[in-house]
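1. Okay, predicted coordinates and the sequence, questions at the end:
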Amino acid sequence: MNKKKIALFHPWIKSKGGAEKVVLEILKSKKYDIDLYTWVYDEENTFKEFKKFKINVIAPKLAKRLSRLHILRGLFLPITLFSKIPLEKYDFLLISTSGMGELITLRNRIKGKTYAYVHTILRDAYKEIVPWNLKYRYKNPLSKPIYLLAVKIYRSFEKIAWKRIDYALFNSELSLERAQKHNLLENKKFKVIYPPVDVKGFGNLKTKKGDYFLYVSRLNPPKRQDLLIKAWSEFVKENPKYKLILMGNIENKKYFEKLKKLSKKTKNVFIKTNVKDEEFMRIYKDCLAGIYIPFMEDFGIVPFEFLAMGKPLIATNKGGYFNLIKKYPNFYEIKEKSSEDEMINEIQKSLNNFLKDKKKKKKSTILTVSTQKFINSFEELFR
């Protein structure tokens, strides 16, 4: 029996994030023949495993530069109109999107068989995130009206694109809620399928209890490493024997420079980028505790990895991961607040609460999510 053929589209493969991990797991499927299409492929800054697969780049080289210029990503709209995938060869079209990716449907669709795996609808156009962006990202009087106009234009095309999607799969209840609030799911099938989280290897690691806290995430404003450094500057005054390590790839160079300046003014803060796998795992497994504080994260794989290693996790109570981990004994909650000053105080408070807690905690096996559960759910859909 011939395998069903799937055209998989992911807009840009340029970093080591959760969305890229999902794409890799889909590509590994032995049940289907899957071809990957993208606008941007930056093999030096993403997972090496992508080199095992054929990557079909369907956008001009200029797209690679635009993908890293945040406010100019809107220029991908005309690119979508000229991006053609030879869909006559395929049984299904599957779009992996965090916003923007669904615009590929403006030119490409298999009627009744166009699916989307939604990491989130476009965060910058989500009505509850727009005020945060205006307050903390687009402070320049010139950038604000440009941003608001871009959001308005995008939302119009977003509605058109979503009408061409037949089945929407969401990585969390939070991402599903966002799509519902934007009225994108009318007369549409949808389902939540948690991402592939492989924690088996983490549970078997021989770990040590180091003297440093660790935050693993891309260096980008929504990940809020700057707030963590500001909270740390007060925390470390009372607790000078501890260190803070920020580890991740550079997603925003201007923000990275800001973090470097902040870290130089603060005691015991270390930033590590482009870390090789062996060193990465050593730093990961030997930390005292993990920290995770992105703004309204769509899902978040890192929290599950920390908990599976038996490491305490100090994290915000807003994100796709929260409902799945909130009852675990190793979880220390940071209450999400609307202002930066309040948020800094909450981070500092939770760090202190962790140090005051003398109870011995045990390793937690996260059974709610796994790579196998993702694969099983994924393979049931394409028949």
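-> Arrived safely, thanks for sending.

2. and the end-to-end length of stretch 37-54?
-> Start-to-end span of stretch 37-54 (Cα to Cα, to the nearest Å) is 9 Å.

3. Report the buried residues of it.
-> 37-41, 46-47, 50 (16 or more other Cβ atoms under 10 Å). Bear in mind the C-beta positions are built from the backbone N, C-alpha and C, glycine included.

4. and what of stretch 202-221?
-> 202, 205, 210, 213-221.

5. Show me how this protein divides into domains.
-> 5-197+370-381, 200-356 (automatic domain parsing).

6. would you turn the buried residues of stretch 37-54 into JSON lines with distance to Lys254, secondary structure and pLDDT?
-> Output for those, formatted as JSON lines (distance: Cβ to Cβ, whole Å; DSSP: H, G, I helix; E, B strand; the rest coil; pLDDT from 0 to 100):
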{"residue": "Tyr37", "distance to Lys254": "30", "secondary structure": "strand", "pLDDT": "96"}
{"residue": "Thr38", "distance to Lys254": "25", "secondary structure": "strand", "pLDDT": "94"}
{"residue": "Trp39", "distance to Lys254": "23", "secondary structure": "coil", "pLDDT": "90"}
{"residue": "Val40", "distance to Lys254": "20", "secondary structure": "strand", "pLDDT": "88"}
{"residue": "Tyr41", "distance to Lys254": "24", "secondary structure": "strand", "pLDDT": "92"}
{"residue": "Thr46", "distance to Lys254": "21", "secondary structure": "coil", "pLDDT": "90"}
{"residue": "Phe47", "distance to Lys254": "25", "secondary structure": "coil", "pLDDT": "91"}
{"residue": "Phe50", "distance to Lys254": "27", "secondary structure": "helix", "pLDDT": "96"}
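
7. of those, closest to Lys4?
-> Within the buried residues of stretch 37-54, proximity to Lys4 (Cβ to Cβ) peaks at Tyr37, which comes in at 16.8 Å.

8. Tell me the spacing between the nearest residue to Gly99 once chain neighbours are set aside and Met296.
-> Excluding the flanking residues, the one nearest Gly99 by Cβ to Cβ, 6 or more residues apart in numbering is Leu122, at 2.4 Å. To Met296, Leu122 is 13 Å away according to Cβ to Cβ, to the nearest Å.

9. where do the contact lists of those two overlap?
-> Taking Cβ atoms under 8 Å, 6 or more residues apart in numbering as the contact criterion, Leu122 and Met296 have no common neighbours.

10. Neighbour count: those two, which is higher?
-> Neighbour count, other Cβ atoms under 10 Å: between Leu122 and Met296, Leu122 has more, with 21 against 18.

11. can you tell me which residues contact the more buried one?
-> 98-100, 154, 158.

12. which of these lies closest to Pro141?
-> Set against Pro141, the nearest of the contacts of Leu122 by Cβ to Cβ is Tyr154 (21.3 Å).

13. Over to that closest one. Which of the three states is it?
-> Classification of Tyr154 into helix, strand or coil gives helix, according to DSSP: H, G, I helix; E, B strand; the rest coil.

14. can I assume it is in contact with Ala125?
-> Yes: counting by Cβ atoms under 8 Å, Tyr154 touches Ala125, with 5.0 Å between them.

15. so what's in contact with the two at the same time?
-> By Cβ under 8 Å, 6+ apart, no residue touches both Tyr154 and Ala125.

16. one step back: return the closest of the buried residues of stretch 37-54 with respect to Lys285.
-> Phe47 (19.5 Å).

17. and that closest one, backbone torsions?
-> When read as degrees, to the nearest 10, the backbone of Phe47 gives phi -70, psi 140.

18. right, and it touches Lys16 too?
-> Yes: using Cβ under 8 Å, Phe47 is in contact with Lys16, at 5.7 Å.

19. Quick one: low-confidence residue ranges for this protein.
-> 1, 60-82, 358-367 (pLDDT under 70).

20. Could you export the contacts of Leu122 as a markdown table, including neighbour count and distance to Glu88?
-> Output for those, formatted as a markdown table (neighbours: other Cβ atoms under 10 Å; distance: Cβ to Cβ, whole Å):
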| residue | neighbour count | distance to Glu88 |
| --- | --- | --- |
| Ser98 | 22 | 28 |
| Gly99 | 21 | 28 |
| Met100 | 24 | 25 |
| Tyr154 | 20 | 29 |
| Glu158 | 21 | 27 |
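
21. Right, I'll call it a day here.
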